[in-house]
Structures are given as structure tokens and as C-alpha cells.
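# Build me a model:
(chains A and B)
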Protein chains: 2
Amino acid sequence: MADGSPRTAGELGEFALVDAIAARFAQGPKVRIGPGDDAAVVEVSTGAVVASVDLVLQDRHFRLDWSSAADIGHKAAARSMSDVNAMGGVTTGLLVGLGCPPDVEASWLLDLADGIAEEAGLVGASVVGGDVSTAKTIVMSMSAFGECEHGVVRRSGARVGDVVAMAGRQGWAAGGFAVLGRGFRSPRLVVEAHRRPQPPYLAGPEAARSGATAMIDVSDGLLQDLGHLATAGGVGIDVARSRFEVPEPIQAVGAALGVDPMHLVLTGGDDYCLVATFPAAATLPQAWRQIGTVVEPGGPAPVTVDGEPYPEPGGHQHFR
Amino acid sequence: MADGSPRTAGELGEFALVDAIAARFAQGPKVRIGPGDDAAVVEVSTGAVVASVDLVLQDRHFRLDWSSAADIGHKAAARSMSDVNAMGGVTTGLLVGLGCPPDVEASWLLDLADGIAEEAGLVGASVVGGDVSTAKTIVMSMSAFGECEHGVVRRSGARVGDVVAMAGRQGWAAGGFAVLGRGFRSPRLVVEAHRRPQPPYLAGPEAARSGATAMIDVSDGLLQDLGHLATAGGVGIDVARSRFEVPEPIQAVGAALGVDPMHLVLTGGDDYCLVATFPAAATLPQAWRQIGTVVEPGGPAPVTVDGEPYPEPGGHQHFR
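Numbering: from 1, shown residues only, chains lettered A, B, ... in the order given. This next block holds a predicted model:
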């Protein structure tokens, strides 16, 4: 800034930085104590809290040349809130741990905070606390907690004969990642999907209310995460290619890069869609559409596509 | 291991590593869903959850040559649970984010997990979930959540005339840090205090039950954290040197390093003792002893020692 006011985290110092960041976080009606005390206090009226944490690390989960600070904030919040969504819950509070080098610009950090706050606002959640520290690269942790008003849906309840259904988008973020990795910046819609996923936030509670028997969010890849549902339930899952419409931007990625666009849909991660199983007689709630069926275990693979094992189920695993 | 079984995080891979770590975490009676699903579910019977997060970073918050994996686990859990203690609460659940290089030994990570679990067990808390990732150095986030059965005590309620009291130890960890920094390993008791703090876990809820008007835990330094109480309450705080007995190991550190041992007590951090204010007429609960008085604001400093500003109030601030 031309007036010589503080520009970096180091110039501001911890306490001023925390105050500036905390000022970006509006507090919702369920928050009894927000940032500024030893801990936050948030109302829980259902008798239980749902809670999850994710690490968000520079050059592991985001690249500074691919995403803006606001993008990174949106995605970090989305990823954690998606875990609560996948239990059938709604996030009420977020806790943000933030480590960064002292020379990071304060405006970058405030944009990050704004991104987190905007994403949280989509479900009425508040950033209620956090911690800052110096670090060699940017490291974040995002803890989300909330409640399941319509009951909790676990990974393990799928039964043979259940319908397998999906809510939200699949393959978009993977398409964006693929084109960014080749040095392209288009199709714009898939690049934006990589930067800011659009989890179907209300589809989780809707599924719980409609009697979903098992649910998970797709963070690592559709087939891999369906594999977790199959394993946890002791069942098989068969996905039908014909149930998917491959959207135009993903077809464009496939054509441009010479890959099967359906492969992006089946193995891509980071869109944070939900997949769940429902009793065959259930009426699927509005956001949901069938993509397969729960079958007897002991088939050629825990998850099959049109009855056959999928040659490269893909998905992400750290340390591999 | 001689039998060639997996030895590093990279050799195990994310899923096997998570399974091995999760197996170390016993689940208490309040945990409805522990590790292994998209999120944890823990009972909350008081209508509100208390929650806090801390980052714990290699070479910022711990050194691998000064602390064992179990030490680091104990301290990381203690630091977060202390925040809940400082609200007058008891931790019921912890979420652990863990990033590390692939070549970290699995046994080191399991020792870390054991340390976290043992510390959590001191208050009946459970590690209910987490996240792992590859990272360049070891990064951890520790989120603690729990409940305040006897009411919440904030930082801001101190009133002129209140008694200022302390529960737990002060200056021990700073003494350990000072001798380790000079290359010594003794006195053993202060070095151990640096490695594994002993927060007075039940003193927070006790203070709440006894009508404490304000409370904070001392993580950065006694005078600095008392400053937060003074500022939040719009009051002054005067500490009396005569109220402190300087324990023998801290006297030994002072003698060996040529520093005033009382300085370690007044400015040291990382012991996670509690300081709180109580109405003058209150009977201090058992773990608590008076160290000062809440005075009118507008004195020579927000926090004074025997009526005078303290020349080097010390304390830690990131980015400075």
C-alpha cells in the first residue's frame, strides 16, 4: 500500500493479523462465543456434534499459480463441510489453523479468509476460531463441525438391492486439473470447478431424511469412494455407464487431451459430490439420480462398471 | 523390522497408515461414531460444544532432537485440551491432522498417536478422527472439542476488586526450554516439563463451578496472558511477587544460567497453567491460589508486578 501501512504477515505481527482476519468472519445465531477467546462455543440442539478435519497444504492440495487466495479458501472450507454433508449434517462452525511465511502479503491472507467465510456462508456456518503460526510454506487445517437434524448416515449401511445414487457433479474438477496440468486455462468451467468445487450441500441432509442407508462424499475418485461404501457394507456395487450424461465441458477436455471423458467422471476426485444408497422402494430426493445398484458381494471386484471390473479405478492415496 | 514388514509411512500407504493409527485410539462412551467414517459423531448433552484448534509444526513448536514422538503427541493434545479447560470445559473429542514426509518411520507415528491418546485419556477424551497427508516436514493440527457442564468462563469478565488466582505450574517449561537451548539436559524435571506439560485439567471446570469471572490458560507467558484478561475486561491486574514460591528446579535453572528464576515464572509459557479472576468473597477451589488482584484500569501498565510495570513482560508472538 502506498501509505506505508503494514503489508505482510510479519509486518502486522500475530495479534494484529488475527484481529484483521477475525473481523472478516460474521457470526451466525448459533454462535455463543466466536473468535477471540480460548475456545469457541456453538449451540448443539440435537444431542450430538458431527466433526471432521482436513489438512490443506501448499503444493499438495493447492498451487499458488493455479488458484487465487479466495479460491483456496473456498475449496478448503468446501472440502471439510462436504464431510459433514456426507454424514447427513449441516456445518455450523469452522476452525481454521493457518501457518505461513512472514512475507506473505496480508491482503492475500484476508482474501483467503473472505473465501472461507463466503463458502461457510452458503450453509449458514461461521468461522468461530483458529490459530496462526509462522511456517515455511502455507499450511492450513480446516475443522468443520455441525449437526445431523435428520439422523446420521454412515458409510456402512448399504444392503443388496439398494439403489446407488449421486448428487452433485463428477469429473469437473478432474477435468480442470488435467488441463491445468498441461498448461491450459480452458475450458473455463472445468478450471473453475477445480478451483472452487460446488458440493451439493443440502443433498446430505435430504438423503438422511429420505432414508439413505449409506453415504460418502467423493473426494478421491468415484469408483474408489464407492469402494469404501462397498467394503464398509460388505456388499458389491455395480455402476451403469448409461446412467451418466457426460457434460459438454468434460467432453471438450476429453477431446482436447485424448482421454475418455467417462474416465474423468468415474475416477476424478475433488468435486465433492455425494454418493449414497437408498432402499429400492424409496423416492429419491430432488438432487439425487440413480447411477447403479447394490449387488451381492463376491463379484469380480467390489465395484464394477456394467458388471465388469474397471481397468484403472484410479483415485488418490497419500504416501503412494 | 527384520522381517521386512512396512517401516515407513510411504511403505505403508495412506489407508494402512490410517488404519494402524486409528487402532491406537480407544473410543469413550460419548463417542457414537469414531474414526473411519466421513466425520465423527460425539454426544453433547449441555446444548453447546466448546471447540478450539492449534497448529503444531516441526521446528516451530517442537524439535525432533529435543522431544520424542510420544512427548510431541502428549504436548500437542495438552495444548488444545488446555484451551477447553480455560473455558471451564472438559474435552470429549480430538481431531488430528497429520502431514509428514513419506520416509518418517511408522513406529514414530504410532508413538505419536500413543502420546496423543494417553494425554486425551487423562480427561476421558477420545481421538475421534483425523486426516493424513504427505508434507515436507511434520505438520499437525489438533482440534479439541468438549463441553462446559458448569458454565462457560470467558476472558472478559474480571471486575475491579476480584482476586487473581492461578492453578498449575508456571516457569517449568520455560526453564526446560532455556537449558535445552544451552545444550544441557538437566535439571531433568524442567526438561520433562518442556516436553510434557501438566495442565491442571480439572481446575477449569472447578473454577467455573466456583464462580470465576474470567479465565485464560497461559500458553505464551504469564504476564502476557494476564494482559489479555486485563484488556478483555477493561481492568488492570497487579501481581504480587510474594505470592509465588519459586520451586527448587527453577531456582537451579536460574543459578545455572544466571537468570532471575522469578523472571521464568512471570514470563515463561508452555506450562498451560490457568489464571482466573474470582469475586473477593469467593472461596478459591482446591487447585487455586491467589497471585494478585484486579485493580482499576489506567495504571502504569495493564499488568503490573507489585504496582510497577514489568521491564520485560516477554511472551511469544508469531511473525515477530
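# Please count neighbours and contacts with C-alpha atoms only from this point.
Fine.
# after whichever helix or strand A:Asp225 is part of, next one along is what?
Following DSSP states H and E, one finds A:Asp225 within helix A:222-233. Counting by DSSP H and E, the next helix or strand C-terminal to helix A:222-233 is strand A:236-239.
# what is the mean pLDDT for that following strand?
The predicted model assigns strand A:236-239 a mean pLDDT of 98.
# what are the pairing partners of the helix or strand where A:Val56 lies, and which direction each?
Taking DSSP H and E as the criterion, A:Val56 maps to strand A:48-57. Paired with strand A:48-57 in the same sheet, following DSSP bridges, are strand A:139-147 (antiparallel), strand B:40-43 (antiparallel).
# Any chance you could list what contacts the helix holding A:Asp225?
A:155-159, A:170, A:214-219, A:236-237, A:265-269, A:275, A:302-303, A:313-315 (CA atoms under 8 Å, 6 or more residues apart in numbering or on different chains).
# Would you reformat the strands paired with strand A:48-57 as CSV and include distance to B:Arg209, mean pLDDT and mean neighbour count?
Formatted as CSV, the strands paired with strand A:48-57 follow (distance: least, CA to CA, whole Å; pLDDT from 0 to 100; neighbours: other CA atoms under 10 Å in any protein chain shown):
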stretch, distance to B:Arg209, mean pLDDT, mean neighbour count
strand A:139-147, 27, 98, 29
strand B:40-43, 22, 98, 26
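# B:Asp59 is nearest to which of those strands?
strand A:139-147 (14.2 Å; CA to CA).
# near chain B, which residues of the stretch 151-300 of chain A show up?
A:154-155, A:216-217 (CA under 8 Å from any CA of the partner chain).
# please redo it, this time with the cut-off set to 7 Å
A:154-155, A:216 (CA under 7 Å from any CA of the partner chain).
# just these now: which is nearest B:Thr137?
Using CA to CA, these come closest to B:Thr137 at A:Ile216, 30.2 Å.
# The closest one: which element?
Assigned by DSSP H and E, A:Ile216 belongs to strand A:214-217.
# and that strand, what other elements does it pack with?
Here strand A:214-217 touches strand A:274-278, going by 3 or more CA pairs under 7 Å, 6 or more residues apart in numbering or on different chains; DSSP states H and E.
# Can you name the element that comes right after the strand it packs on?
Past strand A:274-278, the next helix or strand by DSSP H and E is strand A:288-295.
# what's the angle between that following strand and strand A:274-278?
Counting by axes from the mean of the first three to the mean of the last three CA atoms, to 10 degrees, strand A:288-295 lies at 60 degrees to strand A:274-278.
# Which positions within strand A:288-295 qualify as buried?
In terms of neighbour count (16 or more other CA atoms under 10 Å in any protein chain shown), strand A:288-295 has its buried residues at A:288-295.
# Run the angle between it and helix A:222-233 for me.
Going by the same axes, to 10 degrees, strand A:288-295 makes 50 degrees with helix A:222-233.
# roughly how far is the helix or strand following strand A:288-295 from the heart of the chain?
Using DSSP H and E, the helix or strand that follows strand A:288-295 in sequence is strand A:303-305. Taking CA atoms, centre = their mean, to the nearest Å, one finds the center of strand A:303-305 at 23 Å from the center of the full chain.
# which other helices and strands contact the helix or strand following strand A:303-305?
Downstream of strand A:303-305, the first helix or strand assigned by DSSP H and E is strand A:308-309. Helices and strands in packing contact with strand A:308-309 are not found; criterion 3+ CA pairs under 7 Å, 6+ apart.
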